[in-house]
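Undergrad: Make a model of this:
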Amino acid sequence: MPATILIVDDEKNTREGLGLVLEEDYEVYLASGADEAFNLFEAESFDVILTDLRMAGKSGLKVIDRAIELPNRPICIMMTAYGNVETAVEAMRRGAFDFLTKPVSVEKLELLVRRALKSRQIEHENVVLHERLDKKYSFNGIIGNSAGLTDVLDKIKLVAPSKATVLLEGETGTGKELIAQAIHQNSNRARQTFVPVHCAALAANLLESELFGHEKGAFTGANERRIGRFEAADGGTLFLDEIGEIDASTQVKLLRFLETRTFERLGSSKPIKIDVRLVCATNRNLSDMAKRGEFREDLLYRLNVVTIILPALRERQDDLQILLNHYIKFFAKENELPQVELSAEVVRILRNYRWPGNIRELRNFCENIVVLNRGSKVKEHDIDSKYHEQVQGLSADPVQLSSGPTLCRLENEKRLLRNALIKSNGNRTEAANLVGISRRTLHRKLIQWPELDIKE
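TA: Numbers count the residues shown, from 1 in each chain. Below you'll find the model as predicted:
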């Protein structure tokens, strides 16, 4: 669909001439003055408005004033035969995109309209992106309704609008960065930058420069000035993950920043003042570290103005089924595969599993079963052996093991598969049927335990 352009000019020849130039590529509307333009505003939506400055009745500046108040704000370009710096400045101040002097050059006009439409497209894409971010990181984007998670969300609602430093505590994989993003997106800094830094991923001798930047010549190899993450996050939020891993020197500079809101780049003594919201996260006990002298106690006091403890997945039993359903659906769509269905026995096994990797581990589990099972019903034997806390005693079965002391689960499973392969003379399809698993699952087990295989 072509872009829509409104040309507003009280000179008939001018507006009709410009209309003829532009109508080959755009849908063009004409107005002889501001009042006629206002009537068109009520009936149509425009991408670009090209208006003369001096017209009988209201001026082109009035057209711009009304246009920028429209819900679907158009790009405004001013035209005048009385072009001067003051007029241009006033038009831009009122919200004009650019300025043309009469007589209008056709080449300049066409170029300027293309630029204006490109600017409008970028502006629209930014709005859509922010809407997606708002949806992704809003409270509604965090999955679950367990008591522990509800308590976390209640605290986010209280702390997000403030300037308070936040410390997120919790095991690895509990979603600390997602919570930090939610705090940022629900604050008045949401349109500014969110800068994450994973402190443990950087060597101690690089972390200070990464955070605070450095001047040219500050150390060997510093061939140019570098802006650090603090400056990059000015006006927004800086998320320091694994804050317990920072060294003593960086702790001192971080403490000074929290006290003065200023810092110096490496190699400089000039203080730089910035406005940054700090959210930190750790999976370690900082209080115990402070008692052992591994973390500054005064820094700890500055960091935990508000502490939010994220519950482990094993403490969110009410959320497990919701999360499984969500990620199975997500990875099926992402990989363009049919969704799988978990049997009741598999769900029971997963509820008893402790999930040491928390949400991150659950995501990996869901992606794995979606990719490997491709729409089939997932049964007990289709999931990795680590999710089983124990194997029940074997009942009467074509390949039941001999009685005797109960073996450990892995050895029991190995012997079961071995006996099935022996009974079927190495026929994998028949062996899989004997133990009630798919041939694909048996194949994965034999990759894990190649010593069990018997060639067909």
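
Undergrad: From now on I want contacts and neighbour counts done on CA atoms only, so please keep to that.
TA: Noted.

Undergrad: show me where the stretch 201-350 of the chain has helices.
TA: Remark: helices assigned in the stretch 201-350 of the chain by DSSP state H, counting those that start in this stretch are 204-212, 229-232, 248-260, 286-291, 297-303, 317-334, 344-352.

Undergrad: among those, which is the most enclosed?
TA: Stretch with highest mean neighbour count among the helices of the stretch 201-350 of the chain: helix 229-232 (a mean of 21; mean count of other C-alpha atoms under 10 Å).

Undergrad: re the thing from before, can you list the helices of the stretch 201-350 of the chain in a markdown table and add distance to Ala432?
TA: Output for the helices of the stretch 201-350 of the chain, formatted as a markdown table (distance: least, C-alpha to C-alpha, whole Å):
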| stretch | distance to Ala432 |
| --- | --- |
| helix 204-212 | 52 |
| helix 229-232 | 55 |
| helix 248-260 | 57 |
| helix 286-291 | 51 |
| helix 297-303 | 56 |
| helix 317-334 | 25 |
| helix 344-352 | 18 |
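
Undergrad: hey, what's Glu27 bridged with?
TA: Thr4 (DSSP bridges).

Undergrad: who touches it in this structure?
TA: 2-5 (C-alpha atoms under 8 Å, 6 or more residues apart in numbering).

Undergrad: Could you tell me which of those residues count as buried?
TA: Listed as buried from the contacts of Glu27 are 4-5; burial here means 16 or more other C-alpha atoms under 10 Å.

Undergrad: what two of the contacts of Glu27 are the furthest from one another?
TA: Pro2 and Ile5 (9.5 Å; C-alpha to C-alpha).

Undergrad: What residue spans form the domains of the protein?
TA: 4-130, 141-311, 313-389, 393-456 (automatic domain parsing).

Undergrad: And those domains, which one averages the lowest pLDDT?
TA: Among these, domain 393-456 has the lowest mean pLDDT, at a mean of 67.

Undergrad: Okay, Asp234 and Leu178: tell me how far apart.
TA: For Asp234, the distance to Leu178 (C-alpha to C-alpha, to the nearest Å) stands at 20 Å.

Undergrad: Out of these two, name the residue with the larger neighbour count.
TA: Asp234 (18 against 15; other C-alpha atoms under 10 Å).

Undergrad: wait, what's in contact with the more buried one?
TA: When contacts are taken as C-alpha under 8 Å, 6+ apart, Asp234 is in contact with 193, 274-276.

Undergrad: Name the member of these with the most neighbours.
TA: Val276 leads the contacts of Asp234 on contacts (other C-alpha under 10 Å) with 22 neighbours.

Undergrad: Quick check: buried residues in stretch 258-270?
TA: So stretch 258-270, judged by 16+ other C-alpha under 10 Å, has buried residues 258, 262-267.

Undergrad: what about that stretch, how long is it end to end?
TA: 17 Å.

Undergrad: Can you list the neighbours in contact with it?
TA: 209, 212-219, 228, 253, 256-257, 271-275, 302.

Undergrad: to the chain's geometric centre, what's the distance from that stretch?
TA: Distance, stretch centre to chain centre, for stretch 258-270: 30 Å (C-alpha atoms, centre = their mean, to the nearest Å).

Undergrad: Please apply the same query to stretch 219-230.
TA: Using C-alpha atoms, centre = their mean, the offset of stretch 219-230 from its chain centre is 28 Å.

Undergrad: Dump it to CSV, keeping only the CA atoms.
TA: Extracted as CSV, the C-alpha positions of stretch 219-230 are listed here (Å, rounded to 0.1, in the frame of the first residue of the first chain):
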residue,chain,number,x,y,z
PHE,A,219,48.0,0.1,30.4
THR,A,220,49.8,-1.9,27.8
GLY,A,221,47.6,-2.4,24.9
ALA,A,222,45.2,0.5,25.7
ASN,A,223,45.6,2.1,22.3
GLU,A,224,42.5,4.2,22.5
ARG,A,225,39.9,5.5,24.9
ARG,A,226,37.2,2.9,25.8
ILE,A,227,33.8,3.7,27.3
GLY,A,228,32.8,1.3,30.0
ARG,A,229,29.5,-0.4,30.8
PHE,A,230,28.6,2.2,33.4
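
Undergrad: Give me the contacts around that stretch.
TA: Contacts for stretch 219-230 (C-alpha under 8 Å, 6+ apart): 195, 197, 209-217, 238, 265, 267, 274, 276.

Undergrad: which among the residues you listed gets closest to Ile437?
TA: Out of the contacts of stretch 219-230, the member with the shortest distance to Ile437 (by C-alpha to C-alpha) is Val197, at 44.5 Å.

Undergrad: Neighbouring strands - and their directions - for the one helix or strand that closest one maps to?
TA: Using DSSP states H and E, Val197 falls within strand 194-198. If you go by DSSP bridges, strand 194-198 pairs up with strand 237-241 (parallel).

Undergrad: on that earlier part again, could you dump the contacts of Glu27 to a markdown table with distance to Ser59?
TA: A markdown table is the format used below for the contacts of Glu27 (distance: C-alpha to C-alpha, whole Å):
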| residue | distance to Ser59 |
| --- | --- |
| Pro2 | 28 |
| Ala3 | 25 |
| Thr4 | 22 |
| Ile5 | 19 |
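
Undergrad: What is the burial count for Ala147?
TA: 15.

Undergrad: For Cys76, see how far away it is.
TA: In terms of C-alpha to C-alpha, Ala147 sits 52 Å off from Cys76.

Undergrad: tell me the secondary structure for Ile77?
TA: strand (DSSP: H, G, I helix; E, B strand; the rest coil).

Undergrad: Now for it, how many residues are close by?
TA: Neighbours of Ile77 using other C-alpha under 10 Å come to 26.

Undergrad: Make sure it is actually in contact with Asp47.
TA: No: counting by C-alpha atoms under 8 Å, Asp47 is not a contact partner of Ile77; they are 11.1 Å apart.

Undergrad: burial measure for Val113, as a count.
TA: 22.

Undergrad: tell me which element it is part of?
TA: Under the assignment here (DSSP H and E), Val113 is part of helix 106-137.

Undergrad: Mind listing what's buried along stretch 143-154?
TA: 144, 148-149, 153.

Undergrad: what sits up against it?
TA: 139, 308-311, 315-319, 322-323.

Undergrad: repeat that with 6 Å
TA: Around stretch 143-154, the neighbours that count as contacts under C-alpha atoms under 6 Å, 6 or more residues apart in numbering are 316, 318-319.
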